[in-house]
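Visitor: Here is my input; please provide its structure:
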Amino acid sequence: MNRSRTSRRGGRGIRSYTVEPDQPKGNENPPKAGFPASGELDQILDRIRQNFGDSSDIVIRRLVIGQKATKHAALVYMDGLVDHQSVNEFVTSSLLDTAGAEPDSNDADGWIQFLFNRALTSGKVQVITEWKDMLLSILSGNSIIVLDRCEKVISVGTQGGEARSVTEPTSQLVVRGPKDSFVESVVTNVSLIRRRIKSPDVRLENIKVGKVTNTRVSIMYIQNIAEKRLVDEVRRRLESIDTDSILESAYIEEFIQDHTFTPFPTIFNTERPDVAAGNLLEGRVVLIIDGTPFALIMPAAFPQFFHSAEDYSQRFDISILMRLVRFMSFIVLILGPAVYIALTTFHYEMIPTQMLISLMAQREGVPFPAFVEAALMETAFEILREAGVRMPRAIGQTVSIVGALILGQAVVEAGIITPVMVIVVALTGIASFAIPAYNLSIAGRLVRFFFMILAGMFGFYGITLGLIVLVAHLNSLRSFGLPYLTPFSPFVLSSQKDTILIFPFWALRKTGSAKNPSSSTGSKQADGQSSGQNQNQNQNQNQNQNQNQNQNQNQNQNQPLNPKDERETENKLQVEPPGSQKGGKPGRWGKAVHELPDGDSSNSSNTKEEGNQTS
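Guide: Below is the predicted model:
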């Protein structure tokens with residue numbers, strides 16, 4: 001009998017069908033989920049084989065440990081997921097070389113404590129009492145030690161197997177800067193970030209997401225910089241995910257983003273550890289998902305997608321030029337073909353006379369209007385782009401270049417497309433590659449067709465209408481409560497130092513400390529006793545000023561705000577981006593589609609990995 005369920009692999013709206021398991025007949029009872037009541041070794045091993053379907057990659061080795069009071073045991077692990085050298089040196093050798101005050105053979109708990117405290121030399125050892133946790137530990141690459149007549153097992157960390165080494169990034173290249181990138185291992189990715197931020201304030205939390213895949217998702221943030229409400233909201237959204245499988249970071253992104261029906265990305269992704277570390281220092285939260293080399297960063301603002309890691313490795317004046325080129329490239333990407341269609345269809349008077357004569361001469365034998373020309377060429381360009389990506393690497397670039405040259409020359413000579421249209425489409429395609437964020441480039445390519453339709457119908461009036469709709473849509477987006485167009489709308493003057501322009505590092509550096517922002521470096525004082533007296537007097541004056549300020553704040557809190565002050569206070573709480581306050585502290589996050597909880601929210605421990613550590 002078939003039943004339907006939602007398949008995350010095929011999309012939220014697609015149904016897949018699975019066969020229901022056979023129901024027990026008569027007095028047959030389903031197998032128990034826990035350890036056998038007797039704790040016999042043979043029963044435990046038989047149930048492990050049954051749970052894994054007698055898979056050939058399950059390795060079970062029986063052992064007899066102890067010298068005086070012997071104990072029957074077994075070592076269970078999954079071949080291909082463990083490091084065999086670690087298993088042989090830290091597990092098998094430790095079990096066979098046990099020496100010391102061995103407990104009695106019938107004392108199961110005593111043997112557990114003896115192996116846990118005195119025998120095993122591995123660094124990561126854990127006692128497991130639940131059957132489901134034991135199976136998950138085996139599938140995670142750990143080795144399980146099973147003792148006879150014991151309802152507990154010992155899990156030893158022996159993860160290993162084949163893994164990709166750290167290499168140069170493939171999608172976010174730089175000329176000057178670090179050359180390492182994330183890999184598919186969470187442990188390796190976390191270490192790449194910790195090498196850059198050697199601070200005890202960096203926190204790491206692990207959550208299991210996916211009922212079938214049990215994918216490990218690590219939350220990283222800096223305690224004294226990231227706002228607690230943001231961290232709690234990220235944790236709450238992750239714990240609320242209800243799906244069977246998480247195979248890539250895009251799965252997580254779809255579940256936790258504020259807005260679904262928008263082509264623009266509201267969560268930033270990167271494969272560079274230096275970019276992730278820089279965003280952590282700005283007060284953002286980084287999600288590292290097991291099995292993918294791309295990390296998610298939230299919240300994200302629209303200007304952030306135009307920033308490159310190389311901006312902070314070059315001189316500031318060169319970085320300013322490169323950022324201006326990127327913003328201009330995005331404008332060309334979405335408006336290039338639309339402007340050409342509007343000019344050649346409705347607004348001939350805006351074209352210089354000599355250029356208009358040349359364009360009309362070219363269009364004399366072309367059978368299609370400008371809109372059809374642009375639609376055909378843009379479609380052909382997208383086909384060539386997709387074919388170049390899917391083709392084998394050895395011939396992919398050749399097919400793209402030769403296909404574009406031959407196709408462009410052929411359609412011009414056949415009189416189907418004008419040469420100027422080929423130039424416009426080529427310039428638009430080149431501009432799409434100048435944007436550092438690939439997902440924003442895809443959004444611009446999609447919006448480009450929307451502007452082409454408006455330009456073909458209404459000319460520049462349609463383009464103006466489309467720009468108004470586009471800006472209104474961008475202004476309505478939120479990323480974990482942060483306005484998407486921050487710091488443009490609402491305008492934050494203090495954040496303009498690193499948006500379109502980028503100031504030198506000495507101008508970006510903030511003075512003062514987080515606890516006392518007004519304590520800037522003053523002029524030098526005289527040495528000796530006069531210096532100490534002046535310091536004591538300054539401290540007393542500062543204490544008096546602080547007391548007066550506290551009293552004034554308490555009085556102001558009891559008094560109602562006028563409408564103007566209330567509006568300014570509300571805007572300040574909602575629009576300040578991370579790191580905009582003095583001392584490097586992040587601002588508050590505005591209201592999102594997902595309501596941000598007030599105060600401390602209770603965290604459910606069902607989806608968290610047992611034994612989570614915050615370091």
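Visitor: Would you map the helices across the stretch 151-300 of the chain?
Guide: 186-194, 228-239, 249-256, 273-281 (DSSP state H, counting those that start in this stretch).
Visitor: and among those helices, the most buried is which?
Guide: Among these, the stretch with the highest mean neighbour count (mean count of other CB atoms under 10 Å) is helix 273-281, at a mean of 22. Every residue, glycine included, has its C-beta placed from N, CA and C.
Visitor: which secondary structure elements does that helix contact?
Guide: Of the remaining helices and strands, those touching helix 273-281 by 3 or more CB pairs under 8 Å, 6 or more residues apart in numbering; DSSP states H and E are helix 186-194, strand 215-222, strand 285-289, strand 295-298.
Visitor: Turn those into CSV, including distance to residue 367.
Guide: Listed next are those as CSV, based on distance: least, CB to CB, whole Å:
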stretch, distance to residue 367
helix 186-194, 55
strand 215-222, 54
strand 285-289, 52
strand 295-298, 49
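Visitor: possible to save these as JSON lines with mean pLDDT and distance to residue 144?
Guide: Converted to JSON lines, those look like this (pLDDT from 0 to 100; distance: least, CB to CB, whole Å):
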{"stretch": "helix 186-194", "mean pLDDT": "93", "distance to residue 144": "20"}
{"stretch": "strand 215-222", "mean pLDDT": "95", "distance to residue 144": "18"}
{"stretch": "strand 285-289", "mean pLDDT": "96", "distance to residue 144": "26"}
{"stretch": "strand 295-298", "mean pLDDT": "95", "distance to residue 144": "31"}
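Visitor: what's the closest of those to residue 275?
Guide: Within the helices and strands packed on helix 273-281, the stretch nearest residue 275 is strand 295-298; the backing value is 7.8 Å (CB to CB).
Visitor: gap between the spatially closest residue to residue 314 that is not a sequence neighbour and residue 364?
Guide: Once flanking residues are discounted, residue 314 sits nearest to residue 176: 6.5 Å by CB to CB, 6 or more residues apart in numbering. With the distance defined as CB to CB, to the nearest Å, residue 176 ends up 50 Å from residue 364.
Visitor: same thing with residue 222?
Guide: Taking CB to CB as the measure, residue 222 falls 65 Å from residue 364.
Visitor: quick one: which of the two has more around it?
Guide: Comparing residue 222 with residue 364 by other CB atoms under 10 Å, the one with more neighbours is residue 222, at 21 against 9.
Visitor: pretty sure that one is touching residue 200, no?
Guide: No: between residue 222 and residue 200 no contact is recorded; they are 10.1 Å apart, counting by CB atoms under 8 Å.
Visitor: Can you report how many residues lie near residue 220?
Guide: Burial of residue 220, expressed as a neighbour count using other CB under 10 Å, amounts to 25.
Visitor: actually residue 114, sorry about that
Guide: Counted by other CB under 10 Å, the residues lying close to residue 114 total 20.
Visitor: Secondary structure class of it, three-state.
Guide: For residue 114, the secondary structure call by DSSP: H, G, I helix; E, B strand; the rest coil comes out as helix.
Visitor: pLDDT at it, what is it?
Guide: pLDDT recorded at residue 114 is 86.
Visitor: And for residue 9?
Guide: 50.
Visitor: Buried residues of stretch 95-111, list them for me.
Guide: By neighbour count with 16 or more other CB atoms under 10 Å, stretch 95-111 contains the buried residues 95, 98, 102, 103, 105, 108, 110, 111.
Visitor: Quick one: end-to-end distance for that stretch.
Guide: Across its full length, stretch 95-111 reaches 11 Å between end residues, using CA to CA, to the nearest Å.
Visitor: what is the mean pLDDT for that stretch?
Guide: Averaging pLDDT along stretch 95-111 yields 77.
Visitor: Touching, residue 306 and residue 327? I think so.
Guide: Yes: under the criterion of CB under 8 Å, residue 306 is in contact with residue 327, at a separation of 6.1 Å.
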